[in-house]
Each structure stands twice: as C-alpha cells, then as structure tokens.
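# Take a look and give me a structure for this.
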Amino acid sequence: MGNLHRYATLQENIRGITMKCLSCDVILTPFEATRKYKSSGDYLELCHKCFAPIAAEVPVIVRRDLINYYDEDDFDEEQE
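Numbering: from 1, shown residues only. You can find the predicted model right below:
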C-alpha cells in the first residue's frame, strides 16, 4: 500500500469520521474501519498490513460491500 492508497482513503473519509490503525496510525479504508471481532462485535481498528499476521487466529465480521480497488489487493477471504 503506497501513498496512492492512503490518498484515496483520505478522500473517501473527508466526509465522515476518520479512523486510524491502532498499530501503525494510517488512515483506515471504510472496509478496514468496519471490520469487527466476531466474538465481541467491537471494531478491530487495524489496517490490512497489521491485521495480516493475526488473521488466521482472529475470527472477524467483514462488510464485503465496502471492498474497493485498494482493499482487493490485501483481502484474502477473511473469515466472516
């Protein structure tokens, strides 16, 4: 994910509340920002890069309707 991804994300979030990754502080895409822990329903608040190492162990709920061009590169059939 480069500057183009973060610029596009910033443009998408200008109208709403901007959420940032709790680990690396980058702005989350709408898809990343709505990913929730399956067990508690709390928001995960991690970007794809920071979530990837724990993705196999942490069941999540995702909104597939929010996946955009930039998310598709990182989205690898996450658990629902």
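# give me every residue that touches Lys20.
Neighbouring residues of Lys20 by CB atoms under 8 Å, 6 or more residues apart in numbering: 26-28, 45. C-betas here are computed from N, CA, C, even on glycine.
# Run through the strands of this structure in chain order.
36-37, 60-61 (DSSP state E).
# Show me what the first one is packed against.
Yep, that's strand 36-37 we're talking about. strand 60-61 (3 or more CB pairs under 8 Å, 6 or more residues apart in numbering; DSSP states H and E).
# Just give the strands next to the strand it packs on in its sheet, each with its orientation.
strand 36-37 (antiparallel) (DSSP bridges).
# Give me the contact list for the strand it pairs with.
In contact with strand 36-37 (CB under 8 Å, 6+ apart) are residues 42-44, 58-61.
# picking up where we left off before, which of the strands of the chain sits most buried?
When you average the neighbours per residue for each of the strands of the chain (mean count of other CB atoms under 10 Å), strand 60-61 leads with a mean of 16.
# Which of the helices and strands in the chain ranks last by mean pLDDT?
Ranking every helix and strand in the chain by mean pLDDT, DSSP states H and E puts helix 3-13 at the bottom, with a mean of 50.
# hang on, the earlier thing: which one of the strands of the chain lies nearest to Pro53?
Among those, the nearest to Pro53 by CB to CB is strand 60-61 (13.7 Å).
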